[in-house]
Structures are given as C-alpha cells and as structure tokens.
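Enquirer: Make a model of this:
(2 chains)
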2 protein chains.
Amino acid sequence: MAEEQRSLRVAIPIFDHLTALDAVGPYEVLNAVPGVSVVFVSDKPGLILAGEAQQSHLGLRATASYKDVPHPDVIVVPGGPPTKIPLHHKPLLDWIRKAHETTLFTTSVCTGALILGSAGLLTGLECTTHWSSYKKLEEFGAKASAKRYIQQGKIITAAGVSSGIDMALYLAALLKDKVIAEGVQLLVEYDPQPPFDSGSLAKASPEVLALPFIRPLLD
Amino acid sequence: MAEEQRSLRVAIPIFDHLTALDAVGPYEVLNAVPGVSVVFVSDKPGLILAGEAQQSHLGLRATASYKDVPHPDVIVVPGGPPTKIPLHHKPLLDWIRKAHETTLFTTSVCTGALILGSAGLLTGLECTTHWSSYKKLEEFGAKASAKRYIQQGKIITAAGVSSGIDMALYLAALLKDKVIAEGVQLLVEYDPQPPFDSGSLAKASPEVLALPFIRPLLD
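Expert: Numbers count the residues shown, from 1 in each chain, chains lettered A, B, ... in the order given. Coordinates of the predicted model:
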C-alpha cells in the first residue's frame, strides 16, 4: 500500500503433478500482504497440471518463466508426489540455487523440501517435509524433524500440504510485521477448527494408519 | 478405490475474481477421498483468473461447462469480492438451482454463500460467510452466524477462505466415514498451528481492525 516501500516479489515455481494447495495456500496469504506480489513461474509461461489423476486435474497458470524472475525476494517451492516432481530438473535447480543467493527467504512446503535438498541447500540443516518423506529428505543431508515449519537462517521448510498456510503467515510477519500478518490471518479467516484431530502421524489412530491410501506411504 | 462403489462427483463452479483458496482447499481435501472426483466447471471450459489484482492473478482451469455436469453429487461454491463475483449470472444461478434438486450436499465457502443466497437457496436458514459479508447474506433472507461452518439439511455454508478445508473434511466424513476423513486430514497434514490467533473478528485486536486493508471491510 505505502508507495514509498519497495514492492516485494514472491516467486512460486510450479510444475506438473504439484499439489495445488501447497502453492495456493501461501499464494493466498502472501498475495494479501500489502506491498507483496506473488508470481507463479515455470520453464515457460503456460498451463501446469496439478495432481496425480489425469481425469480430475486442476490447471494452474504460470505467468512467467524462471529467467523472467531471476531475483525474487522470496521463493516458495511446493511439492507433490516424490516420484513425479522435478527433483532433478536442471533449469529449476539452477534457478533456485542462483535466486537463493539474493533472496530474503527461500522456503518450501511439503515435498518441495526435497527439491531444495536436491538443489543442495539443506545440507546439515534441520528441516521438515510431508511426513511420508522424512527418509528421502535425509538422503539430501538434511536432519528431518516433525515440526509444522522450521526456520534455519533464511531457509524455512514447512510440513505437508496445508502447513504452507501457517508458514506463510509466519513469513508475512518476517517480511512486514506481526500486526499486518494478523490482519492477513483475519482476511483469510484462518481460525482453523478441523472436525477431527488426525492431522499428524503422532495423532493418527491405528485405523487411519491402516487405510489403503495411507499405509503404503508409511513404508 | 473400491470399484463396486459408484464414484461421487464434486463440482466446483469457478469464475473470474474468485478467491483461489476457497476452491483449492476443498478440492485438495475432497479429491483425496477414495471414490470422489472433483471437477471445476464454468460457463465454458477454459482459464479463469483468480484474485483482484490484474498484475498478480492466478489462473485456474475449468475443464467442463455447467451443462456438462448437470447432476453433481456435491456442489462447492467458492467466493471472492462481493462486488466482483457473479451474484446475478443467470447461467450459474440456474445451474445451481437445478443441480441442487439432486445433490447430496450443496455447499459454499466464503462469499460463495451470497451466490447460494442469490439463487434463492438460503431463505430462512442459519448460514455463514466471510465476516465482512454477514449483512449482505441477510439481504438474501438467511440468518448470518459467525460459525466455522453450518449444516442445515443438505446445505452447508462455511466461513471465509480457509474455512473450506474444515468444511471439506466434515463433508468427507458425511460422504464416506470418519476414519476415511481422518485419513485425508493426515494426507494433507492438516494439523494447523497458526503463529498468531487473529483468525476471526472476535479474536482480532483493535490494531488489526484498524489496518487499512481491514477497516473498510467492517463498514
């Protein structure tokens, strides 16, 4: 709002098979912060298909290429199924490494941490990711921890999917101040009241852990 | 998953200026429920531009038109700024009214409740919406209430933006069962830990309510 302040640019790289909420949660929070703009970037501008299922995918649009946004103030890397996200896509990893040199904060949501890890940014750091990917995260030299989000210097990693909303509010306070971040929390009416309390491995019941769509992720 | 069960179809109507998280929160939750598929519908298939700001919008893709999906099992109507969402768009209102005759549940997130109200579905019902739109909701004959979500028969309305995640988990339990819904909560790791507690009007401080991007919404 205040025109004397430099606008802050948040870049969210997107790619086919991403988990949409990983990206859209932080987008909605950060885009509501006065003086912050959020851009979705990819190899080239165009439509990206979220999700695993071919028949029910959601398309998100990248409006810029990596080279269009070489120096974002903040990066938020979303995730998706570890076997399908671009863990070894050189243009993305090169962009992250180079942009990271000048970012204020370099962040991830969910298995986006594996991409930061693959870019070599997490070695020796305490980090988090989706609960199904702690082992994979440690293969990149990080120390995996089951927290909602973890800040290590200018790197912040968040847990699975919905955690990006919590992390983005924290980030909003770092970028501006606590009152503004609280205003954004009110704007998106983030007063969570989940009907159950099964949102983490520690809280899930044996019946939940035995579900056919959960059990294979525990291996 | 179980092929003997009929697949349930969730339709989310989208339109320019929608608040993306209103739609993507429920999408991510409901699309993870075995035997449920989610489709984004609009006047015609194609790109829809979310958000208010021309320079930082997010594109979401509708893959079907209203007439392609005349009888969804569930409707989730997202919202956006009340002056910009299609409150009086006849094709949308006609589709909602007709589809509602055969839905299992007809639901809204945020100011999507105003669209349900404009379609004439909320008369006399206790409903909720984004905190900034209680008065507008009552103009459609509903009784506005500051709850996270409210079920009245097969109509469920949720509060602002992020509340769609809570409502969708509740809906998942109605469509399947509590254990499956808890599994989905674990899958999206919805164990909210917001860094502040300013997510509702009742909780926001005077400083927050005086913010330039909040104050005008209180009028």
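Enquirer: how about the strands in chain A?
Expert: A:8-13, A:36-42, A:46-50, A:58-62, A:64-65, A:74-77, A:105-108, A:126-127, A:143-144, A:149-152, A:155-158 (DSSP state E).
Enquirer: Export these to TSV and append columns for distance to B:I165.
Expert: Just so you know, the C-beta spots here come from the backbone N, C-alpha and C atoms, and that holds for glycine as well. Shown next, in TSV, are the strands of chain A (distance: least, CB to CB, whole Å):
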stretch	distance to B:I165
strand A:8-13	19
strand A:36-42	20
strand A:46-50	16
strand A:58-62	15
strand A:64-65	28
strand A:74-77	18
strand A:105-108	20
strand A:126-127	24
strand A:143-144	25
strand A:149-152	17
strand A:155-158	15
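Enquirer: Identify the residue spatially nearest to A:G199, adjacent ones excluded.
Expert: Counting by CB to CB, 6 or more residues apart in numbering or on different chains, A:G199 lies nearest to B:D191, which is 3.0 Å off, once chain neighbours are set aside.
Enquirer: Backbone dihedrals for that neighbour, please?
Expert: phi -120, psi 70 (degrees, to the nearest 10).
Enquirer: low-confidence ranges in chain A?
Expert: Applying pLDDT under 70 to chain A flags residues A:1-6, A:53-57.
Enquirer: Next, name the residue at the spatial heart of it.
Expert: By CA atoms, centre = their mean, the mean C-alpha position of chain A lies nearest to A:V109, the distance being 2.5 Å.
Enquirer: about what we covered before: my guess is the residue nearest to A:G199 contacts A:S200. True?
Expert: Yes. B:D191 is in contact with A:S200 according to CB atoms under 8 Å; the separation is 4.3 Å.
Enquirer: And those two? Which one has more around it.
Expert: Neighbour comparison, B:D191 and A:S200: the larger count goes to B:D191, with 25 against 19 (by other CB atoms under 10 Å in any protein chain shown).
Enquirer: residues contacting that one?
Expert: B:D191 sits next to A:148, A:159, A:162-163, A:199-200, A:203 when contact means CB atoms under 8 Å, 6 or more residues apart in numbering or on different chains.
Enquirer: List the contacts of the closest residue to A:L187 other than its chain neighbours.
Expert: On the basis of CB to CB, 6+ apart, the spatially nearest residue to A:L187 that is not a chain neighbour turns out to be A:A32, at 5.2 Å. The neighbourhood of A:A32, defined by CB under 8 Å, 6+ apart, consists of A:184, A:187-188, B:213.
Enquirer: Please indicate which of those residues are buried?
Expert: Of all the contacts of A:A32 considered here, the ones buried according to neighbour count by 16 or more other CB atoms under 10 Å in any protein chain shown are A:184, A:187-188.
Enquirer: Report the spatially nearest residue to A:L47, omitting neighbours in sequence.
Expert: A:L47's closest residue in space is A:G59 (CB to CB, 6+ apart), at 4.8 Å.
Enquirer: Surely the one you found and B:P45 touch.
Expert: No. Proximity of A:G59 to B:P45 does not meet the contact threshold set by CB under 8 Å, at 10.1 Å.
Enquirer: quick one: common contacting residues for those two?
Expert: B:61, B:63.
Enquirer: what ranges do the helices span in chain A?
Expert: In order along the chain, chain A carries the following helices (DSSP state H): A:20-31, A:90-100, A:112-118, A:134-139, A:163-175, A:178-187, A:206-209.
Enquirer: Buried deepest among those, which one?
Expert: The densest packing among the helices of chain A, expressed as mean neighbour count by mean count of other CB atoms under 10 Å in any protein chain shown, is seen in helix A:20-31 with a mean of 30.
Enquirer: got the angle for it vs strand A:58-62?
Expert: 40 degrees (axes from the mean of the first three to the mean of the last three CA atoms, to 10 degrees).
Enquirer: helices and strands around helix A:20-31, which ones?
Expert: In this structure, helix A:20-31 packs against strand A:8-13, strand A:36-42, strand A:58-62, strand A:74-77, helix A:163-175, helix B:20-31, with contacts taken as 3 or more CB pairs under 8 Å, 6 or more residues apart in numbering or on different chains; DSSP states H and E.
Enquirer: one more time with 6 Å
Expert: For helix A:20-31, the packing partners by 3 or more CB pairs under 6 Å, 6 or more residues apart in numbering or on different chains; DSSP states H and E come out as strand A:36-42, helix A:163-175, helix B:20-31.
Enquirer: centre of the chain versus the longest one, how much separation?
Expert: Using CA atoms, centre = their mean, to the nearest Å, the distance from the centre of helix A:163-175 to the centre of the chain it belongs to is 11 Å.
Enquirer: Check which helices and strands that helix sits against.
Expert: In terms of contacts (3+ CB pairs under 6 Å, 6+ apart), helix A:163-175 is packed against helix A:20-31, helix A:178-187.
Enquirer: Specify the angle between the longest one and strand A:46-50 in degrees.
Expert: Okay, so that is helix A:20-31. The directions of helix A:20-31 and strand A:46-50 differ by 120 degrees, with the same axes, to 10 degrees as the criterion.
Enquirer: Contacts for helix A:20-31 next, please.
Expert: For helix A:20-31, contacts defined as CB atoms under 6 Å, 6 or more residues apart in numbering or on different chains pick out A:10, A:12, A:14, A:36, A:38, A:50, A:58, A:76, A:78-79, A:109-110, A:161, A:164-165, A:168-169, A:184, A:188, B:20-21, B:24, B:28.
Enquirer: Setting the sequence-adjacent residues aside, check what's closest to A:C110.
Expert: Among residues not flanking A:C110 along the chain, A:G79 sits closest, at 3.4 Å (CB to CB, 6+ apart).
Enquirer: OK, contacts around the one you found?
Expert: Taking CB under 6 Å, 6+ apart as the contact definition, A:G79 lies against A:19, A:22, A:110-112.
Enquirer: mind running it again at 8 Å?
Expert: Under the criterion of CB under 8 Å, 6+ apart, the contact list for A:G79 reads A:18-19, A:22, A:85, A:108-115, A:129-130, A:160-161.
Enquirer: and what of A:A159?
Expert: A:110, A:128-131, A:146-149, A:200, B:189, B:191.
Enquirer: how about 10 Å then?
Expert: The neighbourhood of A:A159, defined by CB atoms under 10 Å, 6 or more residues apart in numbering or on different chains, consists of A:109-110, A:113, A:128-131, A:145-150, A:166-167, A:199-200, B:189, B:191, B:193.
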